[in-house]
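**Q** Coordinates only, no sequence provided:
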């Protein structure tokens with residue numbers, strides 16, 4: 001029997017080899033969609049660096065003030081939260097800004113890169129908008145290409161703005177350009193990571209979660225490597241496994257090494273190339289890792305809004321639990337080496353860590369605060385997933401049943417609140433176990449568990465505040481990141497930046513007390529818990545009265 005081959009006509013102007021047709025049009029469309037996000041990210045990171053520089057100009061009035069900054073930043077604890085401290089033996093303002101605060105801006109640039117890529121690729125496919133676009137004369141790789149160009153543009157602009165900020169203060173122009181380029185390189189590297197993860201899963205949350213896990217791993221590896229480098233022993237080479245570490249190894253204003261940025265650029269190009277290759281191996285809308293087939297019949301325990309909410313948040317909780325446990329064990333295991341490194345530290349640093357008699361408690365209290373802030377990130381992301389349920393139309397079938405809006409929202413918030421409690425427990429167990437092994441003191445496990453759990457009300461307040469913002473104006477939800485950003489600044493840099501007490505108390509994490517260094521403020525715990533309940537009730541009142549957002 002004869003067979004006939006039928007060839008589908010190619011779209012006009014689109015050949016098999018022209019897979020990037022339409023990239024320019026898509027890029028203009030993305031810029032239009034990101035008319036608020038684009039300047040918010042780029043100007044926000046530049047303004048954050050401007051704030052740090054302005055605050056230091058106010059504080060540092062003499063060489064003695066610089067010596068006080070050197071005490072903490074040149075220690076293992078300073079390396080953990082700042083970097084390897086290049087040039088801190090002859091410290092200047094610009095060296096301190098690049099060596100201590102550059103890390104946090106680089107992490108922000110990494111988040112900018114990965115979230116931008118997920119937003120304009122996997123999220124577009126999931127929402128169905130990409131299917132409409134692909135029905136036109138658009139090449140297979142045009143979406144990813146336009147997205148990477150957008151992410152690269154944002155990274156370059158952030159780098160130029162930060163370089164201009166530093167140079168405008170009279171700092172060395174070459175060092176300022178290198179510092180800005182190192183920040184932009186971190187954004188490019190994690191945009192490349194996201195270009196790979198968006199090919200693996202068909203769900204935006206999973207793709208961003210995997211890229212975020214890579215960012216967290218990069219932070220941990222860099223921290224462990226830098227601590228080892230500062231104290232002169234241990235695996236300092238770990239810093240070279242981290243894209244953030246590559247940016248810091250440029251040592252702006254000290255060595256002015258441009259060549260580590262070649263590693264960042266090469267990594268970004270290689271990751272992007274892998275992303276293109278993987279995209280050819282999957283169907284549109286699907287991921288290379290297929291979702292696990294579910295049971296043909298739902299389990300009886302799923303017959304409630306709370307159970308459904310738990311099922312939706314389960315994968316995220318599992319991933320966060322594993323990440324925090326591993327990170328906790330890693331940081332806890334450095335407890336004794338860090339204490340040994342601080343044994344001969346200057347008095348200013350010893351006082352900052354709680355005094356010579358409380359160095360252990362000071363470090364463990366700081367780690368408890370750190371994990372509280374990290375779990376706060378989980379809380380905000382959990383509320384963003386609730387918004388996605390509404391925006392993508394999945395909440396409507398649930399609300400079409402006998403489930404009220406209040407019960408639907410309360411189910412998701414309750415799962416997130418319990419999840420936050422659980423994650424703090426896991427983080428405390430990890431750091432406690434690592435510290436106990438490092439110091440041979442099993443009693444630290446109980447202290448670390450209590451110290452971490454004490455921050456639960458602060459995380460709950462962040463969670464309910466995010467819920468209220470979502471209920472009032474869903475598109476304004478990203479504003480809540482300011483709360484966590486301020487908590488980071490107040491918790492880490494208050495002694496250095498001389499922040500007024502009234503401003504410090506704007507952070508909910510400043511009221512609890514850094515146990516075991518400080519006693520837990522039970523009154524603050526109670527007030528924050530009650531306040532969280534009141535804020536959530538306000539969110540319920542608002543969401544009952546507004547229309548569903550529908551598809552974004």
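**A** The structure has been received and is ready for your questions. The model shown is predicted, which means the values in this text are computed figures rather than measured ones. Numbering: from 1, shown residues only.
**Q** so how far is residue 282 from residue 510?
**A** Residue 510 sits 47 Å away from residue 282 when distances are taken as Cβ to Cβ, to the nearest Å. C-beta coordinates here come from the backbone N, C-alpha and C atoms, glycine included.
**Q** cool, residue 389 as well?
**A** Residue 389 is 25 Å from residue 282, where distance means Cβ to Cβ.
**Q** if we can go back for a sec, of residue 510 and residue 282, which one has the most company?
**A** Just comparing residue 510 and residue 282: by other Cβ atoms under 10 Å the higher neighbour count belongs to residue 510, 22 against 15.
**Q** List the residues that contact the more buried one.
**A** 487, 490, 491, 504 (Cβ atoms under 8 Å, 6 or more residues apart in numbering).
**Q** if we go to 10 Å?
**A** 369, 458, 486-487, 490-491, 494, 499, 501, 503-504, 521, 524 (Cβ atoms under 10 Å, 6 or more residues apart in numbering).
**Q** Of the residues you listed, select the buried ones using a PyMOL command.
**A** Selecting the buried subset of the contacts of residue 510 in PyMOL, with 16 or more other Cβ atoms under 10 Å as the burial test, is done by:
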select buried, resi 369+458+486+487+490+491+494+499+504+521+524
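**Q** What is the nearest of the contacts of residue 510 to residue 307?
**A** Comparing those against residue 307 with Cβ to Cβ places residue 458 closest, at 27.8 Å.
**Q** Spatially, what comes nearest to the closest one if we skip its sequence neighbours?
**A** The shortest distance from residue 458 to any non-neighbouring residue, by Cβ to Cβ, 6 or more residues apart in numbering, is to residue 508 (4.1 Å).
**Q** Contact partners for the one you found?
**A** By Cβ under 10 Å, 6+ apart, the contact list for residue 508 reads 372, 376, 455, 457-462, 465, 483-484, 486-487, 524, 527-528, 531-532.
**Q** Relative to residue 541, how far out is it?
**A** Using Cβ to Cβ, we find residue 508 at a distance of 22 Å from residue 541.
**Q** Can you spell out which helices and strands pack onto the one helix or strand residue 466 maps to?
**A** Here residue 466 is covered by helix 456-472, with elements defined by DSSP states H and E. If contacts are counted by 3 or more Cβ pairs under 10 Å, 6 or more residues apart in numbering; DSSP states H and E, helix 456-472 sits against helix 359-391, helix 405-439, helix 481-497, helix 522-545.
**Q** Check residue 376 and give its pLDDT.
**A** Note for residue 376: predicted pLDDT of 91.
**Q** Now do it against residue 206, distance only.
**A** From residue 376 to residue 206 the distance is 21 Å (Cβ to Cβ).
**Q** shaky segments in this protein?
**A** Across the chain, the stretches falling below the confidence threshold (pLDDT under 70) are 1-17, 58-78, 294, 298, 337-358, 493-498, 549-552.
**Q** quick check: domain ranges of it?
**A** Here the chain is described, according to automatic domain parsing, as comprising the domains 21-288, 301-552.
**Q** Could you save those domains as a markdown table and add columns showing distance to residue 295?
**A** Listed next are those as a markdown table, based on distance: least, Cβ to Cβ, whole Å:
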| stretch | distance to residue 295 |
| --- | --- |
| domain 21-288 | 19 |
| domain 301-552 | 10 |
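**Q** Count the neighbours of the residue nearest to residue 203 when sequence neighbours are not counted for me.
**A** Residue nearest to residue 203 in three dimensions, not counting chain neighbours: residue 126, with 6.8 Å by Cβ to Cβ, 6+ apart. For residue 126, the number of neighbouring residues by other Cβ under 10 Å comes to 18.
**Q** Over to residue 145?
**A** 20.
**Q** Check which helix or strand it maps to.
**A** For residue 145, the element it lies in under DSSP H and E is helix 142-167.
**Q** do residue 195 as well
**A** Residue 195 belongs to helix 173-200, assigned by DSSP H and E.
**Q** any idea of the angle the very next helix or strand once past that helix forms with helix 173-200?
**A** Following helix 173-200 in sequence order, the next helix or strand is helix 204-231 (DSSP H and E). With axes from the mean of the first three to the mean of the last three Cα atoms, to 10 degrees applied, the angle from helix 204-231 to helix 173-200 works out at 140 degrees.
**Q** Return the list of helices and strands in contact with helix 204-231.
**A** helix 76-81, helix 102-120, helix 122-127, helix 173-200, helix 243-248, helix 305-332, helix 335-342, helix 359-391.
**Q** Show me the one of those helices that comes nearest residue 288.
**A** Nearest to residue 288, of all those, is helix 173-200, at 5.3 Å by Cβ to Cβ.
**Q** same for the closest one, what does it pack against?
**A** Packing contacts for helix 173-200, counted by 3+ Cβ pairs under 10 Å, 6+ apart, involve helix 37-59, helix 93-96, helix 102-120, helix 122-127, helix 142-167, helix 204-231, helix 243-248, helix 260-279.
**Q** The first one versus helix 481-497: what angle between them?
**A** Spelled out, that is helix 37-59. Between the axes of helix 37-59 and helix 481-497, defined by the same axes, to 10 degrees, the angle is 20 degrees.
**Q** The longest one too?
**A** Orientation check (the same axes, to 10 degrees): helix 204-231 against helix 481-497 gives 10 degrees.
**Q** what's the offset of helix 204-231 from the middle of its chain?
**A** 10 Å (Cα atoms, centre = their mean, to the nearest Å).
**Q** can you check the fifth one too?
**A** Centroid displacement of helix 142-167 relative to its chain, using Cα atoms, centre = their mean, is 18 Å.
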